[in-house]
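Undergrad: Fold the following and give me the result.
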Amino acid sequence: MSNELNPTLSPGDVAEGVRRLRQAATVRERCANLTQAVREGRSEHFRLDESRLDEVAQRIAALTRARFPDGRVPLHSRWRHFEAGGVDRLAEVNAKLAGHGQVARARAHIELVFISVLLDAGAGAQWQYVEKESGQTFARSEGLGVASLRGFLAGAFSSDMGDPCRVDAKALARIDVPALAAIFQVREDNPLLGLEGRVVLLRRLAQALRQQVDTFTADGRPGHLFDALTHHHHAPRLHNHHVVPRSTALHHQVSAARLLQSLLDAFSAIWPSGQQFMGVPVGDAWAHPLAGGEGPSAGWVPFHKLSQWLSYSLVEPFQAAGVQITGLEELTGLPEYRNGGLLLDAGVIQPLDSEFGTRVRVPGEPWVIEWRALTVTLLDALLPRVRTLLGDDTLPLGCLLEGGSWAAGRQIAAERRGGGAPPVAIDSDGTVF
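TA: You can find the predicted model right below:
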């Protein structure tokens, strides 16, 4: 999709529009615009019943207490899935990294979570993964997380068998559908949604890494994002599009907004959905007549769900290396089928078409764009309610998601539908949802 709303933009305007669409603040702003349009009755697809938010908050708070009775709620992160079934798989990873220095470990941890997040999307109700090491069977996100970690430990994403716990462009470029199917135990009787889309994503990731040698080195390792953001001395690094010298000191703080924007600047071209703003890839961002806004990017709403999920998941590797990710409140809730499904199933978001669930939707249609925008805004609205119920006025949004809204979406789906399927079927390429 190109920018049909303003086809005569100058190169400077295009650059400004892309910059705005890659900012977390724009996600929140444009989603709020769409939500207000629904409140005012300008939507052809939805109405809201925000009086039901209190009931949803109670569900989230009850789940949070049950799951984290000590009140220590972690961030919503891929690392939680690595702990599925009570197995400390991070200890296995660290055992393989014994002898690596702090920065080398940070790169490896970043690459593990990076590849695992990119391979995390709706798995479908039929797929499952049998972990031979524990004898346990996992499905959905937990299964995808465990399978990708096992692939990482086995060196599936490394071209150097002497250093299996890494991800590099050469290994990614040679992964094909049978290879990824083997990692995820996909068979005719164990189908995984979006398998081909995930392979395309890995191939595009390899290409993006190879095109940015100054940042990701000749090996094309995404873990060198750590060096880029902390100005570690191993090579010149980009900072606000300028090269910084080798002698720049390690930065011990990185803002979440900067982390997200760095991911989007480096990797917006990898998404199979192919969204473009005047020829420039913008990832998970979509044109909608009710998006509003000012400047060249007006009329577009970005979500960057997978990139924000990755940003949340990168907090722990950076912290383990002594680097704090600040300003996490700048990131938004994640507009995917569990959070969005919770709000649909609870009757907060009310489709005008009572038969809304009878056909498969695609990510770019106005119905889905509005549903996702409402999800982002309403998660913000739930936060103060859940804080009050838990007696914690500092609970971060990322902890509400983990505590939380995602689990509540899964819970209410299981109550309403056999197998816990979400209320909406999405024809996903394996990256947006």
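
Undergrad: Quick check: residue 185 touching residue 129?
TA: Yes. Counting by C-beta atoms under 8 Å, residue 185 touches residue 129, with 5.6 Å between them. For every residue, glycine as well, the C-beta is placed using N, CA and C.

Undergrad: what's the distance between residue 362 and residue 136?
TA: 35 Å (C-beta to C-beta, to the nearest Å).

Undergrad: Of the two, which one has the most company?
TA: Neighbours were counted for residue 362 and for residue 136 using other C-beta atoms under 10 Å; residue 136 has more, 16 against 13.

Undergrad: what's near enough to touch the more buried one?
TA: Contacts for residue 136 (C-beta atoms under 8 Å, 6 or more residues apart in numbering) come out as 84-85, 87, 130.

Undergrad: Go through the biggest helix by length in the chain and flag the buried ones.
TA: In the chain, assigned by DSSP state H, the helix with the most residues is helix 366-390. Under the neighbour-count criterion of 16 or more other C-beta atoms under 10 Å, helix 366-390 has 366-380, 382-383, 385-387, 389-390 buried.

Undergrad: What sits closest to residue 364 if chain neighbours are left out?
TA: Spatial nearest neighbour of residue 364, excluding adjacent residues (C-beta to C-beta, 6 or more residues apart in numbering): residue 286 at 5.8 Å.

Undergrad: what's across from that neighbour in the sheet?
TA: residue 301 (DSSP bridges).

Undergrad: mind listing what it touches?
TA: Contacts of residue 286 (C-beta under 8 Å, 6+ apart): 1, 275, 300-303, 363-364, 369.

Undergrad: Is there a quick ChimeraX command that grabs whichever of those residues are buried?
TA: In ChimeraX, a selection of the buried entries from the contacts of residue 286 looks like this (16+ other C-beta under 10 Å):
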select :275,300,301,302,303,363,369
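
Undergrad: can you give me the helices in the stretch 101-250 of the chain?
TA: 102-118, 140-153, 169-174, 177-183, 195-210, 213-216, 225-230 (DSSP state H, counting those that start in this stretch).

Undergrad: Which neighbouring elements make contact with the last one?
TA: Helix 225-230 sits against helix 102-118, helix 213-216, strand 237-239, helix 256-267, helix 305-320, with contacts defined as 3 or more C-beta pairs under 8 Å, 6 or more residues apart in numbering; DSSP states H and E.

Undergrad: gap between it and the chain center?
TA: Distance, stretch centre to chain centre, for helix 225-230: 19 Å (C-alpha atoms, centre = their mean, to the nearest Å).

Undergrad: could I have that helix exported to PDB, CA atoms only?
TA: C-alpha atoms of helix 225-230 as PDB (Å, rounded to 0.1, in the frame of the first residue of the first chain):
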ATOM      1  CA  LEU A 225      22.000  -4.100  18.100                       C
ATOM      2  CA  PHE A 226      23.400  -4.100  21.700                       C
ATOM      3  CA  ASP A 227      26.600  -2.500  20.400                       C
ATOM      4  CA  ALA A 228      24.700   0.000  18.300                       C
ATOM      5  CA  LEU A 229      22.500   1.200  21.200                       C
ATOM      6  CA  THR A 230      25.200   1.200  23.900                       C
END
